[in-house]
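Engineer: Turn this into a structure:
(one chain, ligands or ions: 2)
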Amino acid sequence: MRTILVTGGAGFIGSNFVRMVLEEHPDIRVVNLDKLTYAGNLENLEGYRDHPNHIFVKGDICDGALVESLISTYKIDAVINFAAESHVDRSLEEPGIFIETNVKGTLTLLKIALEKKLERFVQISTDEVYGSLGPEGKFTEATPLSPNSPYSASKASADMLVQAFGHSWGLRYNITRCSNNYGPYQFPEKMIPLMIHNALKDKPLPVYGDGMHIRDWLYVYDHCTAVWKVLTEAQPGRVYNIGGNNEKHNLDVVRLILKALGKPESLITFVKDRPGHDRRYAIDSSRIMAELNWRPSVSFEEGLSRTIRWYLEHSEWLNHVVSGQYQDYYKRMYSNR
Ligand code: NAD
Ligand code: DAU
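Structural biologist: Ligands and ions are numbered 1, 2, ... in the order given. Modelled structure (predicted):
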């Protein structure tokens, strides 16, 4: 494999993946296709934009002609599809764009990947396609898909299309389903960076419902190493769960952030719950560990402390992304909670 097409490579996980590939795999050329929505940001690629193995293209995964020309021009061997509308709360506000990008955009990529007989198509999915867990058990790759939000429904639809292309026409694919990521360059609409940002500004920290919802946190670099292993070592047609074995109540994570920043717990504000809020996610990663020998390398304590340090050292990045549209979003989303 020589040249890969990474979609959504100016977003949070995509940009971390692009940086990791450019740093650690000098024989690989990365074509990075990103629409630069509110969540895509070229500052996420700072220091790597002009890297000799990196070609950035601003564009939409729904634009078949563009995707086709990139694949031909750059002789792409594989696609890794990170591009998506990724925020559950936004999907509850405006589901249409989630169908456009997450379903129709994926379909566009699949048709071209098949036609061009690519070596591999890796679909970056999510544990949210499995729905919500009770107090016991973990999601395995055999757990039936049961998505609860428009976001997770769009991701589950995309997964099924990917599998259908493999089953019907032999597309060489893999699907990864990862738990909640955190780390540098995450847009502060997601819980961890939002809480860090608010705490730094001494603003209320809006905890949904009773704060006892559980997420299974994974440091973003570890997600990237897992995707790389899937791309380069997995048999086609395999689905892999990826998780850090780090289940935490939201409230506990918020308290850890406040403690690390030396801010008072009185900043915590309980607000109206997210409609249909999934109670608990927990991932069984034993398949990827056994088959591909993948392991997470960063503990939650270490990862959270690195993340907080990163946001403290990148106040300019944070100030840029929370200016303008973000303020409107925040008012719209939080004023009636
Ligand atoms: P993000 O919102 O930070 O980034 C998404 C990127 O996709 C942005 O750069 C955006 O500009 C780009 N994009 C959106 N629509 C596009 C389009 N039509 N064409 C081209 N580019 C487009 O998201 P993220 O958190 O980095 O998530 C990346 C992927 O990983 C998503 O597919 C998401 O479902 C999945 N995922 C995320 C998490 C998580 O915790 N964040 C966990 C598991 C899986
Ligand atoms: O599990 C993987 C998924 O994780 C990814 O597929 C999604 O793209 C990603 O956004 C994330 O979804 P969540 O909904 O779990 O993440 P979020 O950061 O939005 O919320 C984490 C938890 O924190 C969730 O229980 C809701 C809660 N929360 C969130 C926000 C933004 C709050 O209590 N207050 C908030 O302001």
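Engineer: right, is stretch 72-84 up against ligand 1?
Structural biologist: Yes - judged by CB under 6 Å from any ligand atom, stretch 72-84 comes into contact with ligand 1 at 82-84. Yep, even glycine has a C-beta here, placed from its N, CA and C like the rest.
Engineer: what does the stretch 1-150 of the chain put close to ligand 2?
Structural biologist: Taking CB under 6 Å from any ligand atom as the contact definition, the stretch 1-150 of the chain meets ligand 2 at 86-88, 126-128.
Engineer: If we use 8 Å, what do you get?
Structural biologist: Proximity of the stretch 1-150 of the chain to ligand 2 (CB under 8 Å from any ligand atom) is limited to residues 84, 86-89, 126-128, 149.
Engineer: which parts of the longest helix seen in the chain are buried?
Structural biologist: Looking only at the chain and at elements set by DSSP state H, the helix with the highest residue count is helix 150-169. Residues of helix 150-169 classed as buried: 150-159, 161-163, 165-166 (neighbour count, 16 or more other CB atoms under 10 Å).
Engineer: other SSEs contacting that helix?
Structural biologist: Secondary-structure packing of helix 150-169 (3 or more CB pairs under 8 Å, 6 or more residues apart in numbering; DSSP states H and E): helix 88-93, helix 96-98, helix 106-115, strand 120-126, strand 173-178.
Engineer: now for these, which one comes closest to residue 188?
Structural biologist: Among these, the nearest to residue 188 by CB to CB is helix 88-93 (12.7 Å).
Engineer: which intervals of this structure have sub-threshold pLDDT?
Structural biologist: Low-confidence regions of the chain, defined by pLDDT under 70, are absent; no residue qualifies.
Engineer: Output the residues of the stretch 1-150 of the chain next to ligand 2 as TSV; include the columns neighbour count.
Structural biologist: As requested, these are arranged in TSV below (neighbours: other CB atoms under 10 Å):
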residue	neighbour count
84	26
86	25
87	19
88	22
89	16
126	23
127	27
128	24
149	22
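Engineer: Out of those residues, which is nearest to residue 293?
Structural biologist: The closest of those, once distances to residue 293 are taken by CB to CB, is residue 127, at 21.1 Å.
Engineer: Can you classify the residue lying farthest from the centre of the chain by secondary structure?
Structural biologist: Within the chain, residue 266 marks the point farthest from the mean C-alpha position, 30.7 Å out by CA atoms, centre = their mean. The assignment at residue 266 comes out as helix when based on DSSP: H, G, I helix; E, B strand; the rest coil.
Engineer: check contacts around residue 162.
Structural biologist: Counting by CB atoms under 8 Å, 6 or more residues apart in numbering, residue 162 touches 106, 110, 121, 123, 171, 173, 175.
Engineer: Residue 16 now?
Structural biologist: Applying CB under 8 Å, 6+ apart as the definition, the contact partners of residue 16 turn out to be 183-185, 220-221, 223-224.
Engineer: secondary structure element for it?
Structural biologist: helix 12-24 (DSSP states H and E).
Engineer: angle of that helix against strand 173-178?
Structural biologist: Angle, helix 12-24 to strand 173-178, by axes from the mean of the first three to the mean of the last three CA atoms, to 10 degrees: 110 degrees.
Engineer: quick one, helix 12-24 and strand 120-126 angle?
Structural biologist: In terms of direction (the same axes, to 10 degrees), helix 12-24 departs from strand 120-126 by 140 degrees.
Engineer: burial measure for residue 3, as a count.
Structural biologist: Burial measure for residue 3: 17 neighbouring residues, criterion other CB atoms under 10 Å.
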